[in-house]
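> when you get a sec, could you give me coordinates for this:
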Amino acid sequence: MGRDEYAYVLEYLPYGLSDSKDRRPSVIILTDSVALLQAALKKDVKVDISKRVYIGENKREEIHHIIGRITPDKLNESGLQTLKVLIHNIVNENEKKYLEIINALGSINVRLHAIELMPGLGKKLTQKLLEERKKKSFDSYKDIDERLQLSSSIVRSIEARILEELENKDKYRIFT
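Numbering: from 1, shown residues only. The predicted structure follows:
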């Protein structure tokens, strides 16, 4: 997987993070591949929340450099809500990518399948998903929801798993 070229601004920090020695203006951003980062802004630049900014290797307009990865607990309530909305949008806009992941997931070890890591999918639903996947690969979120007869959408499970991975709660990663 290549480097991200763009990210969305979740939060503007005029004096950096409160627990940081570096007090220069920065932002918390979410990349297209759902990495949560803190980035320093160029001098005299201010950016709007939810703005898409360039973070690639070429000349950047707003971002000076990436400071590093952070966890969602560094966000204020507004930033956390923006994060959830953006994750929802990314998951919906990249359905093909996430379906490829679900169609390819395998076992982590003898007792644990990667699909079981997704909230709402225990052993029984994982088994059903694997059986359905053997018959035919899933071609949409709706296809998964219907074939598994899920009470909650698979999209919600994917979004919840992405949030868990951003929080570093689990050593296993599926989507980030």
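> could you point out which residue ranges in this structure have low pLDDT?
1-2 (pLDDT under 70).
> doesn't Asn109 fall inside a helix?
No: judged by DSSP: H, G, I helix; E, B strand; the rest coil, Asn109 forms no part of a helix; its state is coil.
> around it, count how many other residues there are.
6 (other Cβ atoms under 10 Å). Every C-beta, even on glycine, is put in place using the N, C-alpha and C of the backbone.
> and if you look at Lys171?
Neighbouring residues of Lys171 were enumerated by other Cβ under 10 Å; the total is 6.
> SS state for it?
Going by three-state DSSP, the state assigned to Lys171 is coil.
> mind starting the numbering at 15 from now?
I'll keep to 15 as the first residue from here, and by that count the last item is Lys185.
> what about it, distance to Leu131?
Counting by Cβ to Cβ, to the nearest Å, the separation of Lys185 from Leu131 is 10 Å.
> name the element the closest residue to Phe189 other than its chain neighbours belongs to?
Of all residues not flanking Phe189 in the chain, Ile176 sits nearest, at 5.0 Å (Cβ to Cβ, 6 or more residues apart in numbering). Using DSSP states H and E, Ile176 falls within helix 168-180.
> that helix - contacts with which helices or strands?
helix 91-107, helix 155-162 (3 or more Cβ pairs under 8 Å, 6 or more residues apart in numbering; DSSP states H and E).
> so how far is whichever helix or strand comes after the longest one off the chain centroid?
Pointing back at helix 91-107 there. Scanning forward in sequence from helix 91-107 by DSSP H and E, the next helix or strand is helix 109-118. Distance, stretch centre to chain centre, for helix 109-118: 14 Å (Cα atoms, centre = their mean, to the nearest Å).
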